[in-house]
Every structure is written in C-alpha cells, then in structure tokens.
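Q: pasted the sequence and its predicted model underneath.
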Amino acid sequence: MKNNLIIPALLIGFGLIVSGYFIGNTHKKAIEHNRYVQVKGLSEREVQADLAVWPINTILTGNDLKSLKTEIENQNKKVYQFFLDQGFTDGELTKGMTNITDAKSNIFNNNPSVGFRYLAKSEFTVRTKDIKKLQKALAESLNLMSAGIVLGSKNEWRPIEYIFTGLNDLKPSMIEEATTNARQVAEKFARDSNSQVGPIKMARQGQFSINDRDQNTPEIKIIRVVSTIDFQLIN
C-alpha cells in the first residue's frame, strides 16, 4: 500500500518543483521587464524660409466717387507694374478687392467735417519663393512715395510672413537624430546604474515645432522635435 503512494507523491513533489521554477522565473522576468529608463531625445535644425507672403494695402481718399475710381485704377496699375519691374511674375502677384467707406454713413463719425468723405483701400498679395527678391522689393518700395503711393502692410505686427514648407523632407532624419540622442542619454544613465541599455520598450514622438530664430530674422526658422523613449535596462 505504501509503495502505491510513493509514485503519486513523487509526481506531486516534482510538479511543485517545476511549478515553483516557472513561477519564480516568470516573476524574475517580470521584474527585469519593469526595469527601464525614460529619456527625452532632442533634434533641432536651423533652416531658411522657402516661401514669403506679403499682404499689402494702399489707401486713397476723395470726395467724388467717379474721380476716385480713376485714381484707384491708376494707382493699382502703378503698384502692379512696380512689382513686375522688380522681377515678379503674374503668378506671384494677386490683386485683391477694393473697399470704399463713406464717412457720412458712419454713425460713429463724431467729426464729419474733417478730411475726405470717401476712403478707398486696395489689397495686393505678393507670394513668392524668392525671399531675396521680396526683401529687395520691400526696400525699393520707398521709391513709390515719389509717385504719391504709400504701401502699407496688411498685418502691421508682421509685415511679411515667412514660411518653411520642407518639413516632411526633414522628419525622418530628425526623428532618427532624436532617437540617437535619447539612447546616448539612456546609456549614460545605464553606466551610472551598472546596467546596459536594451531595446526600446515604448516610444512617443513629440510634435514638430517651427519658430522664428528671433524677432529680427523671421526668415530664419528653428525646427525642433523632442521624442520621449523608454529603454529596457539589462543587467
């Protein structure tokens, strides 16, 4: 009878040993899996804007609509010709609408006797990839003053908008650089903790940002991305 119980007891004991091994090994692996370091990797680029947009206003005043219409047409032709003379093409120039306001119809006009009755504001937009040509035209635009024409920027706080359109071409290399930078930081941490950097456990790519380098050179942009990466640590 006792012999009949020995074999089942041995099997149960062996099963407990094997189960204990797997449970312990699983616990050990779980602990190892939870050993990781979270770091941030940075990538930056300084680039030149490749597109410029200059929204322009010109203003005329008068008391007679018929003569004001003629003056508007003549002035708009001179402005358009100015940009053609600067080397711009028709595709880079857009004529906007002309808005005319009547001072007498303005109920908030507290001094109707001052100035002119009508104010006409015409809009132009210059859109070009030739940044230097646009900056030259901006300087040369002062010459229009001799013809009695003053160009005003529609957006006074930012007369010209400078844009960089090549972000998609830079994304792969910048993400790679941010990942490399993050691994270097992780390796420094691993050395300090007597560990080694293993594979990536999780990666979170930050948003790309494009900002002016400074207020005085808005045509130069700083592109930046920060990636957050979890690296496994190995003993």
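A: Sure thing, it's come through. Residues are numbered from 1 along each chain as shown.
Q: contact partners for the nearest residue to residue 185 once chain neighbours are set aside?
A: For residue 185, ignoring the flanking residues on the chain, the nearest one in space by C-beta to C-beta, 6 or more residues apart in numbering is residue 39 at 4.3 Å. (C-beta placed from N, C-alpha, C; glycine too.) Contact partners of residue 39, counting by C-beta atoms under 8 Å, 6 or more residues apart in numbering, are 182, 185, 186, 189, 228, 229, 231.
Q: how close does residue 39 sit to residue 125?
A: 46 Å (C-beta to C-beta, to the nearest Å).
Q: and residue 38, by the same measure?
A: In this view, residue 38 and residue 125 are 47 Å apart by C-beta to C-beta.
Q: and if you look at residue 181?
A: 41 Å.
Q: neighbour count: those two, which is higher?
A: residue 181 (18 against 14; other C-beta atoms under 10 Å).
Q: can you tell me the element the more buried one falls in?
A: helix 167-192 (DSSP states H and E).
Q: over to residue 83?
A: Going by DSSP H and E, residue 83 is part of helix 65-85.
Q: same question, residue 210
A: Judged by DSSP H and E, residue 210 forms part of strand 209-212.
Q: tell me the strands beside that strand, with direction?
A: The strands beside strand 209-212 in its sheet (DSSP bridges) come out as strand 220-234 (antiparallel).
Q: and the partner strand, what's its mean pLDDT?
A: Here strand 220-234 scores 92 as its mean pLDDT.
Q: which of the residues in it are buried?
A: 221, 223, 224, 225, 226, 227, 229, 230, 231, 232, 233 (16 or more other C-beta atoms under 10 Å).
Q: I'd assumed residue 42 was in contact with the second one.
A: No: distance between residue 223 and residue 42: 11.5 Å, which falls outside the contact criterion (C-beta atoms under 8 Å).
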